[in-house]
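Asks: Starting from these lines, generate the structure:
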Amino acid sequence: MNHRFHAGEAVWVELCTPDPDKAERFYAALLGWSVRHEPLGSGTYRMCSVDGRDVAGISDAAALHGGRPRGWITYFAVDDIERSARQAVDLGGELVTRPRYLPAAGTGGVVVDPFGAVFGLYQGESRAGVQALNSVGALCWNELDTGEPERSVQYYRSLFGYTTQQRDDSPTARPYTVLMLGDVPVAGVLELDNEWPNLLPSKWITYFTVASLDAALARVTALGGTPTVGPVDSPHGRLQLVKDPGGHTLCLIELEGGLRPDHPSDPAVQR
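Replies: Here you go, the predicted model:
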């Protein structure tokens, strides 16, 4: 998977945490990651891989994101990061980490959308993005949980040019919208059960594939994490939201059917 991603695809995920050493130990044991340390300015970026393929990063919040522990950040591919960053702000977002060139990778920046969800923009150069999707230990889906689904969808459609598809097979029985590029699903938007608009800030959730959900949940607990919502039987496999020892939320799924294609740059997508 060294091909180029199309603009608007979710291409990278990074855990921004004040305790990257603790996070490294937890995720290596939970998801079988090998972690190598790459220099980033005066700090270190932890590159996480499975079977030699990069699947995620772990950053020190103090070194890269101004001391704010953003948790799991979903990065979306863009062709011109300066232009996309301006557009993200013009549409009502806030640029919280200005675009920064990352050696042997590309240029990344971080935005908070109008409803509180943190996400990234990434203009890949030598590193296009993740090198594995859907396999055990790898990214398989990204989902926006929001109390403002209609306005959130409009924001991301305006920024990335998505079309949308409504799904009525959500295991929560709550409305579920899939953001699409051509015929390719990119991410989901789940309506939070929220009596008051914007009572809960929106949040991007990163899904990782596990071989056995029950075994993974036992490891989460043994390693100091906390299972939260679930387990839930979904059309794509049993899933569970968990918090790592730093309090950062992610989703584990025993994947039975691909939520997004194994090869993101599907020829059906013409940008």
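
Asks: Quick check: closest non-adjacent residue to residue 149.
Replies: residue 191 (4.4 Å; Cβ to Cβ, 6 or more residues apart in numbering). Yep, even glycine has a C-beta here, placed from its N, CA and C like the rest.

Asks: backbone phi and psi for residue 75, please?
Replies: phi -100, psi 140 (degrees, to the nearest 10).

Asks: which residues touch it?
Replies: By Cβ atoms under 8 Å, 6 or more residues apart in numbering, residue 75 lies in contact with 10, 11, 12, 13, 14, 108, 119, 120, 121, 122, 129.

Asks: now, among those, which is nearest to residue 241?
Replies: residue 13 (15.5 Å; Cβ to Cβ).

Asks: Spell out which helix or strand contains the residue nearest to residue 219 when sequence neighbours are not counted, please.
Replies: If you skip the residues right next to it in sequence, residue 219 has residue 30 as its closest partner in space, 5.3 Å away by Cβ to Cβ, 6+ apart. According to DSSP states H and E, residue 30 maps onto helix 20-31.

Asks: residues making contact with that helix?
Replies: In contact with helix 20-31 (Cβ under 8 Å, 6+ apart) are residues 15, 17, 33-35, 44, 46, 48, 50, 56, 58-60, 136-137, 208, 210, 216, 219-220, 223-225, 244-246, 248.

Asks: Please flag which of the residues you listed sit within helices.
Replies: Among those, the residues falling in helices (DSSP state H) are 216, 219, 220.

Asks: Is the last one in contact with residue 230, as I believe?
Replies: Going back to what we said before, that points to residue 220. No - using Cβ atoms under 8 Å, residue 220 is not in contact with residue 230; the gap is 11.3 Å.

Asks: and the helix or strand bottoming out on mean pLDDT in the chain, which residues are buried?
Replies: Across the helices and strands of the chain, mean pLDDT, DSSP states H and E gives its lowest value to helix 61-64, namely a mean of 80. Buried residues in helix 61-64, counted by 16 or more other Cβ atoms under 10 Å: 61, 63, 64.

Asks: how deep is residue 228 tucked in, by neighbour count?
Replies: 11 (other Cβ atoms under 10 Å).

Asks: Now do the same contact list for it.
Replies: 240, 241, 242, 243, 249.

Asks: Just give me the closest of the contacts of residue 75 to residue 69.
Replies: residue 14 (12.0 Å).
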